[in-house]
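Trainee: model the following, please.
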Amino acid sequence: MPIYEYVCEKCGEDFEQLVLGSGTVVQCPKCGSMNTKKQMSACAFKSGSSFTGTGSKASSSCSGCTSTNCSSCGG
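Mentor: Numbers count the residues shown, from 1 in each chain. This is a model prediction of the structure:
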């Protein structure tokens, strides 16, 4: 079940949406508009103990959270 990035073409809100199938209706969480567009996002995959493809590697000091174990946040 992939998570895609979208932008609302009405209000400009950037958001992420879990998409369960091709028939999933994506609605802007800010204004409720159905006029949304899927964005191109960075691809990443885990190889061993580090992440590849995002330009960042797992370390003992995450920048995205307060955890020291990056497996919990993907940082």
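Trainee: count of neighbours near residue 28?
Mentor: For residue 28, the neighbour count with other CB atoms under 10 Å is 21. Glycine gets a C-beta too; all of them are placed from N, C-alpha and C.
Trainee: name the element it belongs to?
Mentor: Assigned by DSSP states H and E, residue 28 belongs to no helix or strand.
Trainee: any idea how far residue 15 is from it?
Mentor: Applying CB to CB, to the nearest Å, the value for residue 28 to residue 15 is 7 Å.
Trainee: what do the two both touch?
Mentor: Residues touching both residue 28 and residue 15 (CB atoms under 8 Å, 6 or more residues apart in numbering): 6, 8.
Trainee: what about residue 41, which SS state?
Mentor: coil (DSSP: H, G, I helix; E, B strand; the rest coil).
Trainee: so which residues of the protein form helices?
Mentor: Counting by DSSP state H, the chain has no helices at all.
Trainee: flag the shaky bits of it, pLDDT-wise.
Mentor: 1, 43-75 (pLDDT under 70).
Trainee: go ahead and confirm residue 31 touches residue 11.
Mentor: Yes: between residue 31 and residue 11 there is a contact under CB atoms under 8 Å: 4.4 Å.
Trainee: what about the strands in this structure?
Mentor: In the chain, the segments counted as strands under DSSP state E are 3-8, 14-18, 36-38, 45-47, 50-52.
Trainee: those strands into TSV, with extra columns for mean neighbour count and distance to residue 24?
Mentor: Shown next, in TSV, are those (neighbours: other CB atoms under 10 Å; distance: least, CB to CB, whole Å):
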stretch	mean neighbour count	distance to residue 24
strand 3-8	16	9
strand 14-18	13	8
strand 36-38	14	11
strand 45-47	10	23
strand 50-52	14	27
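Trainee: contacts for stretch 4-18 next, please.
Mentor: 1-3, 19, 24, 26, 28-31, 33, 35-39, 41.
Trainee: at 6 Å instead, please
Mentor: For stretch 4-18, the surrounding residues in contact (CB atoms under 6 Å, 6 or more residues apart in numbering) are 1, 3, 19, 26, 28-31, 33, 35-39, 41.
Trainee: then stretch 19-34?
Mentor: 1, 2, 4, 6, 8, 10, 11, 13, 15, 17, 36.
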